[in-house]
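Colleague: Give me a 3D structure for the following:
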Amino acid sequence: MHYVGIDLAWGEVRPSGVAVLDDDGRLVHLSAQDTDEAILAVLAPYRESPVLVAIDAPLVVVNAIGNRPCEAALNRDFARFDAGAHPANTGKREFAGTPRGARLAKALRLDINPASRRPRRGIEVYPHPATVALFRLGRTLKYKQKPGRTVPELRAALLELIGHVEGLAGAETPMVVSGHEEWRRLATGVREATRKSELRRAEDQVDAVVCAYVARFAEAHPERTTTYGDLTTGYIVTPTLPEGLVPAPRAPRTPDAAGPPDDATSGAAPAGPAAPDARVKAEPGAADPVREAVQAYAAERPAVERATGRYVELITSLLDEAGINYLTVTGRAKSVESFAAKAARTADGRPVYTDPLHQITDQVGVRVIAYLVSDVAAVVDLLADQLTVLVDRDMGLKTAQEGRFGYSSRHVLVELDETHAREPRLADLVGRPASVQVRTVLQHAWAEFEHDIRYKGTVPEEYAPDLDRRFTLAAGLLDLADREFSAIRDRLQESMTGHEPGADAADPRVSAQDLAAFLAGRFPGAGWSRTDHYAWVSGLLLELGVASLQELGEVLAGVDSEAISEKMGYRYPPGAVRRLDDALLEVFGDRYVTLHGNARRAEALRARLEKLRG
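Modeller: Here you go, the predicted structure:
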């Protein structure tokens, strides 16, 4: 049997690593491939023989939002080692249909049932938890490219991983890579690398080798292998977390070297109490770690306040640019008192946070209040597209899965992606995550009232059961109201499909209300935008000399909306105003960019115009 590892890129632009081991664990193929066709070509010699292919990419994705159950289960074990999984759901463009990994498995004629014993099989794996379990790491090695990590740091981490991989030659279930010419060339290239791009291509191939070994390990040691999830909802296969392994303390950050949080769900609170040897206990006369953390946070809080304001501005601008409907975007910097209370939490007599200053991730808090449940999903999709999402928790879904009504909110932990991290105005946000809550108006009303009542401590104990029942009833009614509001919106949009522009009054501007109705008919799949956005784009139309819906209909008559959507590659549902914005950019080109009303966003419009022009 051959064991194949594929580190499959989530998009089809970046390279994918491919590695093949023979039945004795010797590396017989290693390469980086840019397309599915190229991957299939290099695996052609193994198309007929028994093979177990380990693919680092989702194979089964059926959930519309949030994490798959397998990701949530794996994160409970591995997130504290910085080895949590990114969320995969059908709301993301790459998983809206059949995932790329599943398409590749089908082309290779693989059975992807993790319980199957057929000669040709495929499984989903994830290198980060595998390396933690195989090499008993206290935290993942930081060889993945993220903002703030330097070439020397990335190179050192990747060389450490290469050393671990080469050390498997002496393992109970061996893998021998050092004799392979391509591996030797790769290791030499990493040692001599001076650019991140050189490390990036090597990183994909090293991950592929790890994946191939996970396949070999799972075949040899099923009793030491854990499958999180199942074929129905998705799964991840990985070597089992060794008993007694605990997270290593985080390296302290200095003000001059504040790097980004670690991979995936980094910075999230530990899944449970710290293990005995990870406790932080002050000896007599020694410094109190909680007090030190609180003092450090108090000194840092002015910077946290500034960062909170920047995040509010950034997220507001992202929402406005996408044309997504929302009510408010607000922020708050965690108070010193709240930080101190959280830092001092214990479980079974042990501190919950061994490094409060970096493990408490809601220091910067942002709240987005939307109108409808679909708007909440659109906001989260936008954040996932424009920023890096470290954690995505759907509290309403969790409550529903427990058969209850109650608290509903999306909690998303984000940090800057590489593009935004390069912007000088956002430099102080690099390495500082933000906790973003996204709710509907009704969900927010319930949460605020429930919080206000319960935390005032004025309810007698004998009334508590009745209070719980009434809160549950109110939550159920508000859930129904949310659904009805969505139905009202959908019915209105359906009635506007095919809406034809009519005659205008003497007012030279197209009214926001008329424009909203017209765009609902023109772009029936788009959500509503904010009322002030319709008024704003009406002003742009006037600058273009378009003073009526009739004229606007003529301007848009030859526009291919589907082609624009394809070129723009939306990974979130753009609002009606954004759809119009892109259509006008397509029609008027540079003239639209130079309009007075577009002065503050000319650079962004030029980037979008390049996309449209291909």
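
Colleague: Convert the C-alpha atoms of stretch 298-311 to PDB, please.
Modeller: Provided in PDB are the C-alpha atoms of stretch 298-311 (Å, rounded to 0.1, in the frame of the first residue of the first chain):
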ATOM      1  CA  ALA A 298      -4.100  48.800  33.400                       C
ATOM      2  CA  ALA A 299      -0.900  50.300  31.900                       C
ATOM      3  CA  GLU A 300      -1.900  48.900  28.500                       C
ATOM      4  CA  ARG A 301      -5.600  50.000  28.600                       C
ATOM      5  CA  PRO A 302      -5.200  53.400  26.800                       C
ATOM      6  CA  ALA A 303      -3.700  51.500  23.800                       C
ATOM      7  CA  VAL A 304      -6.600  49.000  24.100                       C
ATOM      8  CA  GLU A 305      -9.100  51.900  23.900                       C
ATOM      9  CA  ARG A 306      -7.400  53.300  20.800                       C
ATOM     10  CA  ALA A 307      -7.400  49.900  19.200                       C
ATOM     11  CA  THR A 308     -11.100  49.500  20.000                       C
ATOM     12  CA  GLY A 309     -11.900  52.700  18.200                       C
ATOM     13  CA  ARG A 310      -9.800  51.600  15.200                       C
ATOM     14  CA  TYR A 311     -11.600  48.300  15.000                       C
END
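
Colleague: Report the distance from that stretch to the chain centre.
Modeller: For stretch 298-311, the gap between its own C-alpha mean and the chain's C-alpha mean amounts to 24 Å (C-alpha atoms, centre = their mean, to the nearest Å).

Colleague: Residues contacting it, please?
Modeller: Contact with stretch 298-311 is made by 297, 331-334, 336, 357, 363-366, 425-426, 428-429, 432, 434, as judged by C-beta atoms under 8 Å, 6 or more residues apart in numbering. For every residue, glycine as well, the C-beta is placed using N, CA and C.

Colleague: pLDDT averaged over it - what is it?
Modeller: Average pLDDT, stretch 298-311: 93.

Colleague: List the buried residues of it.
Modeller: By 16 or more other C-beta atoms under 10 Å, the buried positions in stretch 298-311 come out as Glu300, Arg301, Val304, Ala307, Thr308, Arg310, Tyr311.

Colleague: Now tabulate those in a markdown table and tack on secondary structure and distance to Leu154.
Modeller: Converted to a markdown table, the buried residues of stretch 298-311 look like this (DSSP: H, G, I helix; E, B strand; the rest coil; distance: C-beta to C-beta, whole Å):
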| residue | secondary structure | distance to Leu154 |
| --- | --- | --- |
| Glu300 | helix | 27 |
| Arg301 | helix | 32 |
| Val304 | helix | 28 |
| Ala307 | helix | 25 |
| Thr308 | helix | 30 |
| Arg310 | helix | 27 |
| Tyr311 | helix | 27 |
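
Colleague: Pick out whichever of these sits closest to Val237.
Modeller: Nearest to Val237 out of the buried residues of stretch 298-311 is Tyr311 (C-beta to C-beta; 36.9 Å).

Colleague: Bridged to the residue nearest to that closest one when sequence neighbours are not counted, which residues?
Modeller: Using C-beta to C-beta, 6 or more residues apart in numbering and skipping residues adjacent in sequence, the residue nearest Tyr311 is Ala434, 4.6 Å away. Bridge pairing for Ala434 (DSSP bridges) gives the partners Val414.

Colleague: Distance check, Ala434 against Arg608.
Modeller: The gap separating Ala434 from Arg608 is 25 Å, by C-beta to C-beta, to the nearest Å.

Colleague: Strands - which of the contacts of stretch 298-311 land there?
Modeller: Among the contacts of stretch 298-311, the ones falling in strands (DSSP state E) are Gly331, Arg332, Ala333, Val364, Gly365, Val366, Ala434.

Colleague: who touches the residue lying closest to the fourth one once chain neighbours are set aside in this structure?
Modeller: Spatial nearest neighbour of Val364, chain neighbours left out: Ala434 (4.2 Å); criterion: C-beta to C-beta, 6+ apart. Ala434 sits next to Ala307, Thr308, Tyr311, Val364, Gly365, Val366, Leu413, Val414, Glu415 when contact means C-beta under 8 Å, 6+ apart.

Colleague: remind me which residues of the protein are low pLDDT?
Modeller: Applying pLDDT under 70 to the chain flags residues 10-13, 147, 250-287, 396-407, 450-464, 467, 486, 489-509.

Colleague: What ranges does it have for its strands?
Modeller: Under DSSP E, the chain gives strands at 2-7, 16-21, 27-33, 51-55, 120-124, 225-230, 234-239, 328-333, 346-347, 350-351, 364-370, 388-394, 410-415, 434-440.

Colleague: In this structure Leu134 contacts Pro239, no?
Modeller: Yes: taking contacts as C-beta atoms under 8 Å, Leu134 lies within contact range of Pro239: 5.5 Å.

Colleague: what is in contact with these two at once?
Modeller: Shared contacts of Leu134 and Pro239 (C-beta under 8 Å, 6+ apart): Phe217.

Colleague: what's the spacing between the most centrally placed residue in the chain and Ala421?
Modeller: Nearest to the geometric centre of the chain sits Val389, at 3.2 Å (C-alpha atoms, centre = their mean). Noted for Val389: a distance of 15 Å to Ala421, by C-beta to C-beta.

Colleague: Repeat that for Gly431.
Modeller: The spacing between Gly431 and Ala421, counted by C-beta to C-beta, is 9 Å.

Colleague: ok, now Gly539?
Modeller: Separation of Gly539 from Ala421 (C-beta to C-beta) stands at 33 Å.

Colleague: who has more neighbours, the two?
Modeller: Taking other C-beta atoms under 10 Å, Gly539 and Ala421 do not tie; Ala421 has more neighbours (19 against 13).

Colleague: Looks like that one contacts Arg149 (just checking).
Modeller: No: using C-beta under 8 Å, Ala421 is not in contact with Arg149, being 10.7 Å away.

Colleague: Adding distance to Arg93, write the strands of the chain out as TSV.
Modeller: Compiled in TSV, the strands of the chain are given as follows (distance: least, C-beta to C-beta, whole Å):
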stretch	distance to Arg93
strand 2-7	20
strand 16-21	18
strand 27-33	22
strand 51-55	19
strand 120-124	19
strand 225-230	22
strand 234-239	17
strand 328-333	24
strand 346-347	40
strand 350-351	41
strand 364-370	21
strand 388-394	14
strand 410-415	18
strand 434-440	19
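
Colleague: To Ala526, which of these lies closest?
Modeller: Taking C-beta to C-beta, strand 364-370 is the member of those nearest to Ala526, at 15.2 Å.
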